[in-house]
Structure formats: structure tokens, C-alpha cells
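Need a 3D model of the sequence below.
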Amino acid sequence: MVVAFDAWVDAGSASSAAATALAEGGEPVASFESDVLYDYRARRPTLDIVDGRPLRLEWPELTLRYSRLAGRDVLVLTGPEPDFRWRELAGDVLELAKTLRVTQWISLGAIPAAVPHTRPVPVLGTESRPGLLKGNVRPGPEGLLRVPSAAISVLDIAVGQGGIPALGYFAQIPHYISGPYPAATVALLRAVEQHLDIELPLGTLTEEVDEMRRRLDTATALDEKTRVYIEKLETMVDEERLPSGDELIGEIERFLRERGNDIGEGQIH
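Numbering: from 1, shown residues only. Below you'll find the predicted structure:
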């Protein structure tokens, strides 16, 4: 079962876009009662008005779909992150996963980080026990990291403690970018490919990655402070030196203070 929610821990919409790609054309297996999971004032349904006539409402939904991917049976749970009843939902999802004989749980996410867009997207991993991650993805970060939890982590822990091996792949998004970041979506799909030993069609994603890179390079070239800052990030990545928490916060605050306004048509800020 592959899981990603749209909201917290979905920087650049990377993980929700990856889950949507995996679920495309899949057969609905289960849905959850939206009225008890969502605050419609915070996540309002979308209304279609045609020629002055209200016709359709699209409600936020959490849905489980079944896909057959290169000979593998894959369930994809995705939708907006629920607002309410996380612990109850975690128990229900664990029960459902056992009923459907799920053998492994894979969380997908994306987080802002001090990484440059000019380098491959780094992917960090989590695992309920050592040895679950595959490829060159390492669990991290080292030591204690205390952050506000996402709903997906509540489910991940419940499933892992319930006896189903649980792991996660989390793309690191350049913190200076706003809006969708397709390079991270591709990185997560590649991680799933490697984990399941399959090949996935990327459709137009590769073209979107190239176009985004051109726009970011152009925006960077137009501003000296941004260029210098990104060069500093490149040096840290090339030297495999991760900044400390205080150093990272200080660098981000200094960069934003010096930058002031957005540049690059909303892609860099």
C-alpha cells in the first residue's frame, strides 16, 4: 500500500502528484466518510457554475484504489490530509490493510530543505525496522528530530506497530521554491520503482522537469544574491555536508531577509 496526502509533508505537491500517478486508472476499493474527516470551511468543496447555473460540487475525498503495476498488486491511498479523527482513522486503515493482506506500507512525502535545484533531488527514508529501505536511500536524519506530525505519520506508526512493515520515502524540496516541483515527483516515483523493482511510465513529467529547470536557472541568473546563495547550497551538497538545525534556520532567514521580494514568476522566493 502506497500512501500520500495532499497538505502537510507534501512540499511542491510532489508526493500527492506521485500517488495520483500511481493510482491513475485504478479501481476504487474503499472510501472514507468525508463528513467526519474534513473541515469544509478550511477545505471547501469546489463548485462548478456553468452559465450562471450551479451544477456540480467536488468534495474532498480520501480514497483507496487498486492498481496492477508491472505485475505487482499495489493499493494507493490518497486524498487531502484529514482534519479530524486521526487515531480512529489509523485504526480503521490498519484493520483494512490486514483484511486486504497488505504486506508492506510505503509512505510518500516531501519536505522543504537546504538543497539546490541544480542537483538531483535527495530522498530520505524512514522505516519501522532496519533493512526495509532499498537502493541508496538511507534513514534520516540522524538523531532526534521533533516536528509537528502529519496524519500520514500517525497512520504509518499505527500500521508498523500493528505488524505490517512500514517505510517512507521523503523528497527534499529546495526551500526557496513555491508551487509544484515535478522533479521531486519523479524522484519519488523512481524510489517506488526501485523499491518494487518495476518500471513506471512518467508521461509528460520529464518535460515538466526540464521546463521547470529552465525557468529556475533563468530566475537565478537574473539575481546575484540568489545565485551566490544557490552556489553555497551546491557546495554543501557536493561536500556532503549537512547544515545543523541552527545553521539551516540562520541561512534561510538571512536569505529571505536579503531577498525581500519574490522573483522568477513565483517560482523562487
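
Residue 102: what secondary structure?
Here residue 102 is recorded as coil under DSSP: H, G, I helix; E, B strand; the rest coil.

what's the spacing between it and residue 77?
According to C-beta to C-beta, to the nearest Å, residue 102 stands 10 Å off from residue 77. Backbone N, C-alpha and C define where each C-beta goes, glycine included.

Settle it for me: which of those two has more neighbours?
A direct count of neighbours by other C-beta atoms under 10 Å for residue 102 and residue 77 places residue 77 higher, at 25 against 17.

Helix, strand or coil: sort out the more buried one for me.
Classification of residue 77 by three-state DSSP places it in strand.

Could you pull up the residues touching it?
Residue 77 sits next to 1, 2, 3, 4, 19, 62, 63, 64, 93 when contact means C-beta atoms under 8 Å, 6 or more residues apart in numbering.

can you rerun that using 10 Å?
Counting by C-beta atoms under 10 Å, 6 or more residues apart in numbering, residue 77 touches 1-5, 19, 23, 29-30, 32, 62-65, 93, 96-97, 105, 107, 152, 155.

Show only the entries of these found in helices.
Among the contacts of residue 77, the ones falling in helices (DSSP state H) are 19, 23, 93, 96, 97, 152, 155.

and the fifth one, how many neighbours?
If I follow you right, that is residue 97. 25.

surely it meets residue 29?
No - using C-beta atoms under 10 Å, residue 97 is not in contact with residue 29, being 11.2 Å away.

Overlap in contacts, those two.
64, 75, 77.

can you redo those as TSV with pLDDT and distance to residue 186?
Below are the shared contacts of residue 97 and residue 29 laid out as TSV (pLDDT from 0 to 100; distance: C-beta to C-beta, whole Å):
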residue	pLDDT	distance to residue 186
64	97	24
75	98	22
77	98	21
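
Check the separation of the first and last residues in stretch 34-45.
11 Å (C-alpha to C-alpha, to the nearest Å).

For it, give the mean pLDDT please.
For stretch 34-45, the mean pLDDT works out to 96.

Touching it from outside, list them.
The contact list for stretch 34-45, computed with C-beta under 10 Å, 6+ apart, reads 6-7, 32, 56-62, 79-86, 88-89, 151.

Could you turn the buried ones of those residues into a ChimeraX selection?
To isolate the buried ones among the contacts of stretch 34-45 in ChimeraX, judged by 16 or more other C-beta atoms under 10 Å, type:
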select :6,7,32,60,61,62,79,80,81,82,83,86,89,151
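
Out of the contacts of stretch 34-45, list just those in strands.
Assigned to strands by DSSP state E, the following of the contacts of stretch 34-45 qualify: 6, 56, 57, 58, 79, 80.

who's the first one bridged to?
The partner list for residue 6 in beta bridges (DSSP bridges) reads residue 80.

thinking again about what came up before, possible to save the ones in strands among the contacts of stretch 34-45 as a markdown table with pLDDT?
Below are the ones in strands among the contacts of stretch 34-45 laid out as a markdown table (pLDDT from 0 to 100):
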| residue | pLDDT |
| --- | --- |
| 6 | 94 |
| 56 | 96 |
| 57 | 96 |
| 58 | 96 |
| 79 | 96 |
| 80 | 96 |
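
Closest one of the residues you listed to residue 187?
Proximity of these to residue 187 (C-beta to C-beta) peaks at residue 6, which lies at 17.8 Å.

how close does the closest one sit to residue 183?
Noted for residue 6: a distance of 18 Å to residue 183, by C-beta to C-beta.

again, but for residue 153
Distance from residue 153 to residue 183, by C-beta to C-beta: 24 Å.

Looking at these two, which one has more neighbours?
residue 183 (24 against 19).

would that one count as being in a helix?
Yes - judged by three-state DSSP, residue 183 forms part of a helix.

sorry, back to before: which members of the ones in strands among the contacts of stretch 34-45 are the farthest-apart pair?
Of all pairs drawn from the ones in strands among the contacts of stretch 34-45, the widest gap by C-beta to C-beta lies between 6 and 56 and measures 20.0 Å.

Double-check that residue 171 belongs to a strand.
Yes - Residue 171: assigned to a strand according to three-state DSSP.

In this structure it contacts residue 184, no?
Yes - using C-beta under 10 Å, residue 171 is in contact with residue 184, at 3.9 Å.
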